[in-house]
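In: Any chance you could fold what I've pasted below:
(one chain, ligands or ions: 2)
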Amino acid sequence: MNISVVIPLYNEEESLPELHAWIARVMEAHHYTYEIIFVNDGSTDRSWEVIEKLCAQSSCVKGIKFRRNYGKSPALFCGFRKAEGDVVITMDADLQDSPDEIPELYRMITEEGYDLVSGYKKKRYDPLSKTIPTKLFNATARAVSGIHNLHDFNCGLKAYRKDVVKNIEVYGEMHRYIPYLAKNAGFTRIGEKVVHHQARKYGSTKFGGLNRFFNGYLDLLLLWFLSKFGVKPMHMFGFLGSIVFLLGFISCAVLGFGKLYAMYNGLPYRLVTDSPYFYFAITTMIIGTQLFLAGFVGELVIRNAPERNNYKVEKEI
Ligand code: UDP
Ligand code: MG
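Out: Ligands and ions are numbered 1, 2, ... in the order given. As a prediction, the model looks like this:
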């Protein structure tokens, strides 16, 4: 099969028939073999009935129905697991992404050798409250992930080589950072294609509020940390802990020996606890020990993790 189109959706009943017809039109015009996987993320409207109807009409339509609303990332995850096409394309269900981009995305993956091609909504039809924070978000994501050629990490329209989706695990709200997940899994040929974007035709956005930026920022930090120290926490915490402890220890020693020196030489001296440095020194030693222990506990946790030796092997001969 050439292409799997994975479509996560939450309450998008009005768009589905139109979206399906459009995708089918594009696929048939280019003679692709394809499947469309609708992942119904606990919609409370009639989306699932619509999917059932489409499924009865066409053998290319498949559906997954969640019992409740889990979010876009879990929906993508399950769609990816089911996908069988050589190239997997994700797109939003709200008709904001155009299926006309599919042939070019497919060509970029199969002929130009990209692992992942992300859409770039150069001209966006979203309210300012979305576009401005998004610019900031993308700049941060570029800096942290080291993928400098992407302008639009969170574009719903993306194309993947099949290997990529089978080797990454999207969860929580990590759909914003799929290119980064792919990079961490060893897929480095990541490209971008300017795509056409439209205003939402039906329904309303499912990602309003501001807290998505705080959560997004925390997720990014987490990913960065996992990619850097996820498998070797001792290298980070042990190192920091040792340095901090050593600093504290040296300061304590200096204070103690200073006092002894003064005592034996008849100089004026006072209790070490009278000196503010003593408290700095002791706190530093405690923090150092804590950091070291955090690293050690981290290592113990990893030793017992069932997937600790779960490497992504590309080939064996
Ligand atoms: N979506 C989903 N589960 C959710 C929220 C959204 O599957 O909990 C789907 C939604 O139906 C749409 C896509 O994710 O197909 C993108 O959502 P939306 O268009 O609301 O986001 P925006 O384009 O406004 O960023
Ligand atoms: Mg949208």
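In: Please make it C-alpha for all contacts and neighbour counts, starting now.
Out: OK.
In: tally of neighbours for residue 110?
Out: Residue 110 is flanked by 16 other residues according to other CA atoms under 10 Å.
In: what's the spacing between it and residue 158?
Out: Applying CA to CA, to the nearest Å, the value for residue 110 to residue 158 is 14 Å.
In: Is it correct that residue 214 falls within a helix?
Out: Yes. Judged by DSSP: H, G, I helix; E, B strand; the rest coil, residue 214 forms part of a helix.
In: Tell me how many other residues surround it.
Out: When counting by other CA under 10 Å, one arrives at 10 neighbours for residue 214.
In: do the same with residue 64
Out: If you count neighbours by other CA under 10 Å, residue 64 ends up with 18.
In: any idea how far stretch 73-84 is from the chain center?
Out: 15 Å (CA atoms, centre = their mean, to the nearest Å).
In: What are the buried residues along it?
Out: 73-80, 82-84 (16 or more other CA atoms under 10 Å).
In: Check stretch 217-235 too.
Out: Within stretch 217-235, the residues scored as buried using 16+ other CA under 10 Å are 219-220, 223-224, 227, 230, 232-235.
In: again, but for stretch 274-290
Out: 278, 281-282, 284-290.
In: CA atoms of it as CSV?
Out: The C-alpha coordinates for stretch 274-290 follow below in CSV (Å, rounded to 0.1, in the frame of the first residue of the first chain):
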residue,chain,number,x,y,z
ASP,A,274,28.7,32.5,64.0
SER,A,275,29.9,32.8,60.4
PRO,A,276,27.3,33.0,57.7
TYR,A,277,29.7,31.1,55.4
PHE,A,278,29.2,28.0,57.6
TYR,A,279,25.5,27.9,56.7
PHE,A,280,26.3,28.3,53.0
ALA,A,281,28.8,25.5,53.2
ILE,A,282,26.6,23.1,55.0
THR,A,283,23.6,23.8,52.7
THR,A,284,25.8,23.2,49.7
MET,A,285,27.0,19.9,51.1
ILE,A,286,23.4,18.8,51.7
ILE,A,287,22.3,19.8,48.2
GLY,A,288,25.3,18.1,46.7
THR,A,289,24.4,14.8,48.5
GLN,A,290,20.7,15.2,47.3
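In: hmm, stretch 91-107 in reach of ligand 1?
Out: Yes. Counting by CA under 6 Å from any ligand atom, ligand 1 has neighbours in stretch 91-107: 92-94.
In: quick one: which helix or strand includes the residue of the chain most remote from its centre?
Out: Distance from the C-alpha centroid of the chain, by CA atoms, centre = their mean, peaks at residue 266 (65.1 Å). Using DSSP states H and E, residue 266 sits within no helix or strand.
In: hang on, residue 93 is in a helix, isn't it?
Out: No. Assigned with three-state DSSP, residue 93 falls outside any helix and is coil.
In: For it, list the residues it contacts.
Out: 7-9, 12, 15-16, 19 (CA atoms under 8 Å, 6 or more residues apart in numbering).
In: Tally up the residues packed near the residue nearest to residue 160 when sequence neighbours are not counted, please.
Out: Nearest residue to residue 160 in three dimensions, chain neighbours excluded: residue 116, at 4.5 Å (CA to CA, 6 or more residues apart in numbering). Neighbouring residues of residue 116 were enumerated by other CA under 10 Å; the total is 29.
In: now do the one 5 residues further on
Out: With neighbours defined by other CA under 10 Å, the count for residue 121 comes to 20.
In: Residue 99 versus the closest residue to it other than its chain neighbours, what's the distance?
Out: Nearest non-adjacent residue to residue 121, counting by CA to CA, 6+ apart: residue 195, 5.5 Å away. Separation of residue 195 from residue 99 (CA to CA): 10 Å.
In: now residue 126
Out: Relative to residue 99, residue 126 is positioned 19 Å away (CA to CA).
In: Who has more neighbours out of these two?
Out: Neighbour count, other CA under 10 Å: between residue 126 and residue 99, residue 99 has more, with 21 against 14.
In: Does that one touch residue 25 like I think?
Out: No. In this structure, residue 99 is not within contact of residue 25 by CA atoms under 8 Å, at 9.1 Å.
In: in this protein, which spans are strands?
Out: Listed in chain order, the strands of the chain (DSSP state E) span 3-9, 34-40, 61-65, 87-90, 116-120, 158-161, 190-194.
In: now for the ones you listed, which one comes closest to residue 206?
Out: strand 3-9 (9.8 Å; CA to CA).
In: That closest one pairs with which strands, parallel or anti?
Out: In the sheet containing strand 3-9, its partner strands are strand 34-40 (parallel), strand 87-90 (parallel), by DSSP bridges.
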